[in-house]
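K.L.:
Structure for this input, please:
(chains A and B)
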Amino acid sequence: MNSESTFEDRLHDLIEDGPTDAPAHVLDTVLAAVPSIPQRRAAWRVPWRTLPMIGLARTLAGIVLAVGLGSAALIFLVSRTSPGDIGGPQSPSPAVVVSPTPSESPVASPSASPEATASPTPSPTLSPTPAPTAVPTLGPCAPSHLAARITLWTGGMGSRFATTELTNIGSSPCAVRALSRPQLVDGKGTVLIDGAPPTGSSFVTIAPGATLNTDVAASNYCGPTPTPPLTVAFVLSNGGRIVATPASTSDDAPPCNGPGQPAHIEMHPWAP
Amino acid sequence: MQAGLVERAQGGDQDAFAALATNSVDRCYAIAYRILRDMDRAQDATQQALLSAWRDLPTLRDPERFDAWLYRLVVRACYAQATHDRRWGSGVRLIPSDKSTVPDSATAIADRDELERGFRRLSPEQRAVLVLHHYLGYPLTEIAETLGIPVGTARPRLHYATRQLRAAIEADARPTSSKERTA
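P.N.:
As a prediction, the model looks like this:
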C-alpha cells in the first residue's frame, strides 16, 4: 500500500515537473501563419440546429433545400456526359445512387435530419454531409472539377508537411477516393518523390464549393536541387492527376537524412 | 468570456483567436512536453494543434468546450509527432540503470531517471492518459471525452499504462539484482 502510494507520488512528480511556459516564438509562429490559413467552413451545419426557427420557416427551408438538392442531382445526371476520373474501373452505375431506403414521406421534413429528400417521390437522396463510405454514393469527380492548393507548409523531424485543400469547383456533388498516390513536385513539374499507390480506400463525397483537407508528409529528398516552388500532386486511380497550387515560392524540399535511403511521401485520407 | 472569444474566432476574427491562443499556448505546450518529453517536438505539436484549432474552429459546436477540444488537438498532434518519431528514427536509447554504482545521496536521481526511462517506453496513447490524469487532474470521464474514447476504454488504458510503467521499471532493475546476487 505504502509502496503503491510512493509509486503514484513519484509518477505524479515526474509528470508535474517540466516547463510550463511555451517559448514566445511558438505563439508568434502560429499568429503569423493564421492570416494565410483559411478556416474550414462549418459547411453542413443545418440552420435549424443553431437558430431558433418557427415551424413555417423550417418547412420552407426544408422545401427549398429539397428542391435545390433535387435540381443539383438532376443537373448532375444530365451534365455527366463523360466517365469520371476516380474509382478505378469505371462503374456503370449512375452518378447518383438510389438510396436503399427511399424517403417515406412525400414532403421533405426539415426537422428529421440534416439529410434532405431530393424529390417528393421515392427517389435518389443526397446526403449533404461528406462522409467516408465504402463505395461511392455519387459519381466520381472529374479532375477538371477539382482544384487543390497547399494552404500551409510546416517542417519538423526532418520532414515537410503540406496541408492541402481540395475544392469541388464543379456544379455537382461527386466522390473522391479518400487516398490517392501523392507526389512531391517542383516548379518545373518534375516529380521529386513518388508515393505508393493506395491499397483500397473508402470514398468521400464533396459538394459543389465544399472542400476536403489532407496533410501530405514528405521526407528524405536526396536528389538535385529542385526548382521552386514546390508543390504536391495526387495521382488518381485511373491515372488522372491533380497538381496543387503552391503555397509560396520559398518552400524547401525535405532534407536528405539518409543518402542511399529511399525518399518517402504519404498522405492522410481526405476529410472534410 | 472565453465562449465569446471562441464565437468571434469561429466567425474569422483573428484578434479573438490570438487572445485564445495566448491564453492557451502555455497549457498546450506543457501537455505536449509531458507527453513527448522533448521540447522541440512539443513546440512543433503545440504549433500544429493551434493551427488546426484556427482552421477547424468553425466546426466546434459548443464554444464552452473549447479547452477540451483544444487539448484533444494537442494530444493528436503529439500522436502525429510520435508516429514520425517511430517512422523516421531518432528513438530514445535506453541505457540500463545500475543503481548499485550510484551513491545513496543520488538514489533519488537514479530513481527519477528510471521512472523517466520507463515513461518513455510507454505508447503515446498511454502517456496521454497519464498526463491528463496526473497533470490536468482529469477524472476518467473527462479523459475519455478529451481523447474521444469511451470511458470503458480510458479506464483500462490508465490502469495498464501505470502497470506497464511499473513493469518497465522492475525490468530495468532486474539485471542489477541478479548481478548483485552473483557478486
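K.L.:
which SS class is residue A:163?
P.N.:
strand (DSSP: H, G, I helix; E, B strand; the rest coil).
K.L.:
surely it meets residue A:151?
P.N.:
Yes: assessed by CB atoms under 8 Å, residue A:163 is found in contact with residue A:151 at 5.1 Å. (Each C-beta comes from the backbone N, C-alpha and C, glycine too.)
K.L.:
shared neighbours of these two, anything?
P.N.:
Residues touching both residue A:163 and residue A:151 by CB atoms under 8 Å, 6 or more residues apart in numbering or on different chains: A:37, B:55.
K.L.:
in chain A, which spans are strands?
P.N.:
A:132-133, A:146-156, A:159-168, A:174-177, A:181-185, A:191-194, A:203-206, A:211-219, A:231-235, A:241-243, A:264-267 (DSSP state E).
K.L.:
Out of these, flag the one nearest residue B:42.
P.N.:
strand A:146-156 (11.0 Å; CB to CB).
K.L.:
Dump the closest one to PDB, restricted to CA.
P.N.:
What follows is strand A:146-156, C-alpha atoms only, in PDB (Å, rounded to 0.1, in the frame of the first residue of the first chain):
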ATOM      1  CA  LEU A 146     -11.300  19.600 -58.600                       C
ATOM      2  CA  ALA A 147      -8.800  22.200 -57.500                       C
ATOM      3  CA  ALA A 148      -6.100  21.600 -55.000                       C
ATOM      4  CA  ARG A 149      -3.900  24.100 -53.200                       C
ATOM      5  CA  ILE A 150      -1.400  24.000 -50.400                       C
ATOM      6  CA  THR A 151      -2.500  26.200 -47.500                       C
ATOM      7  CA  LEU A 152       0.500  25.600 -45.300                       C
ATOM      8  CA  TRP A 153       3.900  24.100 -45.300                       C
ATOM      9  CA  THR A 154       5.300  23.000 -41.900                       C
ATOM     10  CA  GLY A 155       8.500  21.300 -41.100                       C
ATOM     11  CA  GLY A 156       9.800  19.100 -38.300                       C
END
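K.L.:
I'd like to check the angle between that strand and strand A:159-168, please.
P.N.:
160 degrees (axes from the mean of the first three to the mean of the last three CA atoms, to 10 degrees).
K.L.:
what angle do strand A:146-156 and strand A:231-235 make?
P.N.:
Using the same axes, to 10 degrees, strand A:146-156 lies at 130 degrees relative to strand A:231-235.
K.L.:
Could you check the angle strand A:146-156 makes with strand A:211-219?
P.N.:
Using the same axes, to 10 degrees: strand A:146-156 against strand A:211-219 is 40 degrees.
K.L.:
elements contacting strand A:146-156?
P.N.:
strand A:159-168, strand A:231-235, strand A:241-243, helix B:39-56 (3 or more CB pairs under 8 Å, 6 or more residues apart in numbering or on different chains; DSSP states H and E).
K.L.:
Need the ones you listed in CSV (columns: mean pLDDT, mean neighbour count and distance to residue A:198).
P.N.:
Output for these, formatted as CSV (pLDDT from 0 to 100; neighbours: other CB atoms under 10 Å in any protein chain shown; distance: least, CB to CB, whole Å):
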stretch, mean pLDDT, mean neighbour count, distance to residue A:198
strand A:159-168, 85, 22, 15
strand A:231-235, 91, 23, 10
strand A:241-243, 90, 17, 14
helix B:39-56, 93, 23, 23
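K.L.:
any chance of the ones you listed in a markdown table, with distance to residue A:183 too?
P.N.:
Listed next are these as a markdown table, based on distance: least, CB to CB, whole Å:
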| stretch | distance to residue A:183 |
| --- | --- |
| strand A:159-168 | 11 |
| strand A:231-235 | 4 |
| strand A:241-243 | 8 |
| helix B:39-56 | 23 |
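K.L.:
Thank you kindly, that will do.
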